[in-house]
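Peer 1: Need coordinates for the below:
(chains A, B, C, D, E and F)
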Number of protein chains: 6
Amino acid sequence: MLHIIFLFSLLFTASTNVLAQDFCVGDLKSSPYPSGYACKPETSVTAEDFAYSGLGVPGNTSNIIKAAVTPAFVAQFAGLNGLGLSSARLDMDVGGVIPLHTHPGADEILFVVSGRIKAGFVSSSNAVYIKVLKKGDLMVFPKGLLHFQLNVAKHSSVAIVTFNKPVPGLQILDFALFASSFPTALVEATTFLDEAQIKKLKGVLGGTG
Amino acid sequence: MLHIIFLFSLLFTASTNVLAQDFCVGDLKSSPYPSGYACKPETSVTAEDFAYSGLGVPGNTSNIIKAAVTPAFVAQFAGLNGLGLSSARLDMDVGGVIPLHTHPGADEILFVVSGRIKAGFVSSSNAVYIKVLKKGDLMVFPKGLLHFQLNVAKHSSVAIVTFNKPVPGLQILDFALFASSFPTALVEATTFLDEAQIKKLKGVLGGTG
Amino acid sequence: MLHIIFLFSLLFTASTNVLAQDFCVGDLKSSPYPSGYACKPETSVTAEDFAYSGLGVPGNTSNIIKAAVTPAFVAQFAGLNGLGLSSARLDMDVGGVIPLHTHPGADEILFVVSGRIKAGFVSSSNAVYIKVLKKGDLMVFPKGLLHFQLNVAKHSSVAIVTFNKPVPGLQILDFALFASSFPTALVEATTFLDEAQIKKLKGVLGGTG
Amino acid sequence: MLHIIFLFSLLFTASTNVLAQDFCVGDLKSSPYPSGYACKPETSVTAEDFAYSGLGVPGNTSNIIKAAVTPAFVAQFAGLNGLGLSSARLDMDVGGVIPLHTHPGADEILFVVSGRIKAGFVSSSNAVYIKVLKKGDLMVFPKGLLHFQLNVAKHSSVAIVTFNKPVPGLQILDFALFASSFPTALVEATTFLDEAQIKKLKGVLGGTG
Amino acid sequence: MLHIIFLFSLLFTASTNVLAQDFCVGDLKSSPYPSGYACKPETSVTAEDFAYSGLGVPGNTSNIIKAAVTPAFVAQFAGLNGLGLSSARLDMDVGGVIPLHTHPGADEILFVVSGRIKAGFVSSSNAVYIKVLKKGDLMVFPKGLLHFQLNVAKHSSVAIVTFNKPVPGLQILDFALFASSFPTALVEATTFLDEAQIKKLKGVLGGTG
Amino acid sequence: MLHIIFLFSLLFTASTNVLAQDFCVGDLKSSPYPSGYACKPETSVTAEDFAYSGLGVPGNTSNIIKAAVTPAFVAQFAGLNGLGLSSARLDMDVGGVIPLHTHPGADEILFVVSGRIKAGFVSSSNAVYIKVLKKGDLMVFPKGLLHFQLNVAKHSSVAIVTFNKPVPGLQILDFALFASSFPTALVEATTFLDEAQIKKLKGVLGGTG
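Peer 2: Alright, predicted model coming up:
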């Protein structure tokens, strides 16, 4: 039936160059636009562009928080450019915690790889949803809401989180208030925290104002 | 030329019933779905469904915050159902403040109707953007980021805010932490606030845990 | 607990450069793409980029329409780039009118700052929704439908309108038909307006054809 | 290799009922929501739901406009529910015209099946784009902009148009102004058309006010 | 009333340059981004940019498949850039076939211009929907599902298909498996096709591996 | 400062009922619409709704494919309703394989929990991207493209996959062709597979036609 290689190519003569845009691997040197980075030419795209190894390495948890977040967002994993996903790895030592934070604009799903994690979020109506998750459990955090993860195992816990944006954003409450230049008086006025509390946390987190 | 009323109607015989869905005024008694409420039948829709007067009345600012937020979201203004907008009115007495909060998933634009308002937000990279806005000024707050408004005039200030969702969500930091059942120990562990600070604010905000 | 500034930074070593894209302040000199303009580098973004004062100045209504529209779209307010909102100010003298127009692709919400405005729109099924709005009232206009505003107060009226796109588009019926090069014969054929009517309005609006 | 029918089914035990939602054939008796109609149960879906014959029949052009529009929107073709497309057939006798109109929120692409059609649209900046299209030609009309089609052949012309919404909306200028209850004085005030012109067209199109 | 050309222009002084972006005709020499190509300057846009004649020419069906697909995607029709539509022409001789294929991410609607076409698709739950379509019939194929068209008339058949993306993508099953470098052993392992079958088709389709 | 519980509540009197819709936990007994299921009343939502344990249990791989897919889509995990994510667990014994398949409309990201997995996809332009992934590796599969996973370790391999839709769809090539009622002659005509090959696979997969 079938000596048709060139015949099939005739079939689609005008179209091969439009068969791209299934993906748009990001040229991270290009100027970003609201939709992301420029697409690398298809001819220079390889399988390496669609894979990323960085989440296979435990993050460095030798810190007070005893935790680490290792991102696989567009900046690390250019194949995500223009697609609707990104991931990160959470490592928590005994007593480790990922402090209260939000992802503006992205939903998150968490999978417990090992350990036991207490995780939760607060809704706009101040309802609190907290679960203790064991290995293999999933939890979902609707976009933009404050949430946290805490290791409640007697050993390390590891989780993988995935977002439905290539850059989910990450606003950590403590950083926003106390590691920034957000003036103390304004923090006080807009949160009712005591000045002493604010100064103390700004002192340790390196914030100014 | 033109005895065509019935002729034009013939032109579109089959189609009149599909000419709806320019809008979908919400039947607030229906079960909500992710896209909103069921559409009121077009025959029962009137001009009243597309207008709302509630933002013409100052909110009651006789409270400690000396501020009030009056929403015009879908629940107040059913004509917004299925469209991409909602609004609210901010009233602030002298010294009044809208405490630090976010709108998960919605951008916000603020217009100063009267007075002088210091407003600002913090980004995911902890950059702080604060402006003193006068009458007629606009400020935009990208979705999901912590922001606040504070009256810095010698009299009341009023602003109108608009969001690009019919229900923008509203997570007020203090309510989430201190007016909820978010356990004190967990708040402490995930924010590094002192237990005493937390208990104090829970006490006044009526939170439990 | 808390000498953790550098420890927190270790926590997120690889990620700071991806924490942008909460916003994408437009570089208006860049080539626009369907999603907007290129993002200004975060390092050159200031609070000024998120505020705009232009709507604080009454537009010049010394014209026959006795009205003015002052836009705050992306071209005036680059901070809106990549976000989902824009605004404009409507000034109308006594008897002033914003002529019949549409915003292709954007919903609109109007807030009456002062005065009394008769506003309305027509739906795809030719239902007409007209309201007289007073100070503080809101009205919503679903995307793409013909609508107008008319000052019915004994003094000036002012309104602020907001759209759920950074560039809402603006098609003014009279301009489209009579201030353009839309040939008279074609206007006649496609609207059934009398040739004399068309020529008259083209004459005054400066249209050709 | 391969006695695996039940083995494959084991492979996906829990999942068969979620393999739906590739489509959501509309139950047109259900209450519409912003996203469309309820999904018919998959068990009652047949191939008939995905096909529609109505565009194979010429519309009745025995009217003054000498044209007809036959829609294949959701209301005629329930298989379109929840998908991103709809179509219509345009028939135009000699001298027939589809009067100036817009589709709020939907782009349109037109394919000339037979004849010669002069078609065009006006942009927000009042640029006019008019082309004479022959058999086999395509033209695209960006969403929400005024456009028209006119038969310039010596015989009938037929076109098929497709939209990127299951219900594209359809606002016909003449109907909106002259077949509705839009008060004459208001039409005059918001379009600068002469009262006599308006009354004349309202008279023939059956409008009131 | 109406010496207002310059008055109207005053009305909108600041805004003319933002009245674009109703469309964004693609500069196909620019670097593509996820949202498409850069916008040609409005001043260089003409009516030609919104029309395309390529689908008026029958494709070359002198091949074994006795069929041809002529695309009108962004690469052929730059006016589609940033809009939500594209089209193609299908020509099938007697016995011609468009082999099984999918369009990742785009829905498709097919209109039979002439002839008789047997068309169908398979859903995620393996339900098969096949219809014999005659002239004037429509059929819709939900995004991403395998589908085909086969000419069952005694003469040529022609169809026009439209997609709700400017670049719908096109994955032809036989090309993916047998005209690519997909290693034979892997094809066998992931499809259970016999090695002989795979080698045979790779041989004729020019695949390697 | 702060006896404000009821004062804060006054602050937001009218708004508590609109603070929902951060999420819309699915009532799986309701009629699905294109946007999903009806929202369970907030009062009956608990933390259980946002967590799911099903992916903690290895799937049953005692089958010829030596693999299993355990889904966590909306039907298993109602908390995903209206959000933009879902997940599944892949278990593969030695030599196990997830056969060639697509997810119409959803991107996929895979994380290797344990083992070694050869995974790949084919693009619209028939480029093949194959990687051998080890523990901790990620790979992304753009929406709608054929892809597979194969265990190349000497022991079991496990992966977690996440999609950016609550119901990603799942079209398995072999099922679509050979486990369905897709008539043999049509499969032959649209894929060029030999009749014998088709009958053989239909025989083992239980297809008809």
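Peer 1: Let's test this: name the helix or strand in chain A with the lowest mean pLDDT.
Peer 2: Of all helical and strand segments in chain A, the minimum by mean pLDDT, DSSP states H and E falls on helix A:5-11, at a mean of 42.
Peer 1: As a check, name the ranges of all helices in chain A.
Peer 2: Secondary structure of chain A (DSSP state H): helices at A:5-11, A:173-178, A:184-191, A:195-205.
Peer 1: Quick check: which of the ones you listed is buried the most?
Peer 2: helix A:173-178 (a mean of 26; mean count of other Cβ atoms under 10 Å in any protein chain shown). Where C-beta positions appear, they are placed from N, C-alpha and C, glycine not excepted.
Peer 1: Check the offset of that helix from the chain's centre.
Peer 2: 18 Å (Cα atoms, centre = their mean, to the nearest Å).
Peer 1: Check stretch A:54-61 too.
Peer 2: Distance, stretch centre to chain centre, for stretch A:54-61: 14 Å (Cα atoms, centre = their mean).
Peer 1: Does chain C have contacts with that stretch?
Peer 2: Yes. Applying Cβ under 8 Å from any Cβ of the partner chain, one finds stretch A:54-61 in contact with chain C at A:54, A:59-60.
Peer 1: which among those end up buried?
Peer 2: For the residues of stretch A:54-61 next to chain C, a burial check counting by 16 or more other Cβ atoms under 10 Å in any protein chain shown picks out A:54, A:59.
Peer 1: For the residues of stretch A:54-61 next to chain C, give me JSON lines that also has pLDDT and distance to B:D91.
Peer 2: Shown next, in JSON lines, are the residues of stretch A:54-61 next to chain C (pLDDT from 0 to 100; distance: Cβ to Cβ, whole Å):
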{"residue": "A:G54", "pLDDT": "98", "distance to B:D91": "49"}
{"residue": "A:G59", "pLDDT": "97", "distance to B:D91": "46"}
{"residue": "A:N60", "pLDDT": "97", "distance to B:D91": "49"}
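Peer 1: List just the nearest of the residues of stretch A:54-61 next to chain C to A:K135.
Peer 2: Nearest to A:K135 among the residues of stretch A:54-61 next to chain C is A:G59, at 18.7 Å by Cβ to Cβ.
Peer 1: Tell me who's in contact with the closest one.
Peer 2: A:67-70, A:89-91, C:11 (Cβ atoms under 8 Å, 6 or more residues apart in numbering or on different chains).
Peer 1: how far away is it from chain E?
Peer 2: Using Cβ to the nearest Cβ, to the nearest Å, A:G59 is found at 29 Å from chain E.
Peer 1: For chain B, see how far away the closest residue to that residue other than its chain neighbours is.
Peer 2: Closest residue to A:G59 apart from its sequence neighbours, by Cβ to Cβ, 6 or more residues apart in numbering or on different chains: A:A68 at 2.6 Å. Using Cβ to the nearest Cβ, one gets 16 Å for the distance from A:A68 to chain B.
Peer 1: Just checking, which of the contacts of A:G59 comes out lowest on pLDDT?
Peer 2: When the contacts of A:G59 are sorted by pLDDT, the bottom entry is C:L11 at 43.
Peer 1: my read: A:G96 touches A:N151, true?
Peer 2: Yes. Counting by Cβ atoms under 8 Å, A:N151 is a contact partner of A:G96 at 4.5 Å.
Peer 1: anything in contact with each of these two?
Peer 2: With Cβ under 8 Å, 6+ apart as the test, A:G96 and A:N151 both reach A:66-67, A:157.
Peer 1: which among those end up buried?
Peer 2: A:66-67, A:157.
Peer 1: wait, A:P142 sits on A:V122?
Peer 2: No. In terms of Cβ under 8 Å, A:P142 does not count as a neighbour of A:V122; the distance is 10.7 Å.
Peer 1: what about the two, which has more around it?
Peer 2: A:P142 (29 against 24; other Cβ atoms under 10 Å in any protein chain shown).
Peer 1: wait, what's in contact with the more buried one?
Peer 2: A:P142 neighbours (Cβ under 8 Å, 6+ apart): A:107, A:121, A:123, B:104, F:22-23, F:83.
Peer 1: Also A:P32?
Peer 2: Counting by Cβ under 8 Å, 6+ apart, A:P32 touches C:20-21, C:24, C:38-39.
Peer 1: How about A:E48: what's its closest non-neighbour residue?
Peer 2: F:K131 (7.5 Å).
Peer 1: can you pull the contacts of the one you found?
Peer 2: So F:K131 contacts A:47-48, A:50-51, F:118-120, F:137, F:139 (Cβ under 8 Å, 6+ apart).
Peer 1: Out of those, flag the one nearest to D:F178.
Peer 2: A:F50 (57.9 Å).
Peer 1: Would you mind confirming that that closest one is in contact with F:L133?
Peer 2: No. At 10.4 Å, A:F50 does not count as touching F:L133 under the criterion of Cβ under 8 Å.
Peer 1: Spit out the residues that contact these two alike.
Peer 2: Joint contacts of A:F50 and F:L133 (Cβ under 8 Å, 6+ apart) are F:M139.
Peer 1: Give me the buried subset of the contacts of F:K131.
Peer 2: The buried subset of the contacts of F:K131 (16+ other Cβ under 10 Å) comprises A:47, A:50-51, F:118-120, F:137, F:139.
Peer 1: how about the residues of chain A near chain C?
Peer 2: A:31-35, A:54, A:59-60, A:63-65, A:67-71, A:73-76, A:104-105, A:167, A:169-170, A:175, A:179, A:200-201, A:204-206.
Peer 1: So which of the residues you listed belong to strands?
Peer 2: Applying DSSP state E to the residues of chain A next to chain C, the entries found in strands are A:67-71.
Peer 1: Next, give me the two most distant ones among the residues you listed.
Peer 2: The two members of these with the most space between them (Cβ to Cβ) are A:A67 and A:P71, at 13.6 Å.
Peer 1: Just the closest of the contacts of A:G59 to chain B, please.
Peer 2: A:A67 (11.0 Å; Cβ to the nearest Cβ).
Peer 1: Which pLDDT value belongs to the nearest residue to that closest one once chain neighbours are set aside?
Peer 2: Spatial nearest neighbour of A:A67, chain neighbours left out: A:G96 (3.9 Å); criterion: Cβ to Cβ, 6+ apart. pLDDT, A:G96: 97.
Peer 1: go on, A:S123?
Peer 2: At A:S123, pLDDT is 96.
Peer 1: Where does the prediction get shaky in chain A?
Peer 2: A:1-20 (pLDDT under 70).
Peer 1: give me that answer again for 80
Peer 2: Applying pLDDT under 80 to chain A flags residues A:1-21.
Peer 1: picking up where we left off before, of A:G96 and A:N151, which one has the most company?
Peer 2: A:N151 (26 against 23).
Peer 1: pretty sure that one contacts A:G95?
Peer 2: Yes. A:N151 lies in contact with A:G95 (Cβ under 8 Å); the separation is 6.5 Å.
Peer 1: shared neighbours of the two, anything?
Peer 2: By Cβ under 8 Å, 6+ apart, the residues touching both A:N151 and A:G95 are A:K66.
Peer 1: could you list every residue that touches the nearest residue to A:Y37 once chain neighbours are set aside?
Peer 2: The shortest distance from A:Y37 to any non-neighbouring residue, by Cβ to Cβ, 6+ apart, is to A:G26 (3.6 Å). Contacts for A:G26 (Cβ under 8 Å, 6+ apart) come out as A:36-40, A:74, A:78-82.
Peer 1: ok, 6 Å please
Peer 2: A:37, A:74, A:78, A:81 (Cβ atoms under 6 Å, 6 or more residues apart in numbering or on different chains).
Peer 1: Top of those by number of neighbours, please.
Peer 2: Going by other Cβ under 10 Å, A:N81 tops the contacts of A:G26 with 27 neighbours.
Peer 1: tell me the phi and psi of it?
Peer 2: phi -50, psi 130 (degrees, to the nearest 10).
Peer 1: That one: what's it in contact with?
Peer 2: If you count contacts by Cβ under 6 Å, 6+ apart, A:N81 has them with A:24, A:26, A:36-37, A:74.
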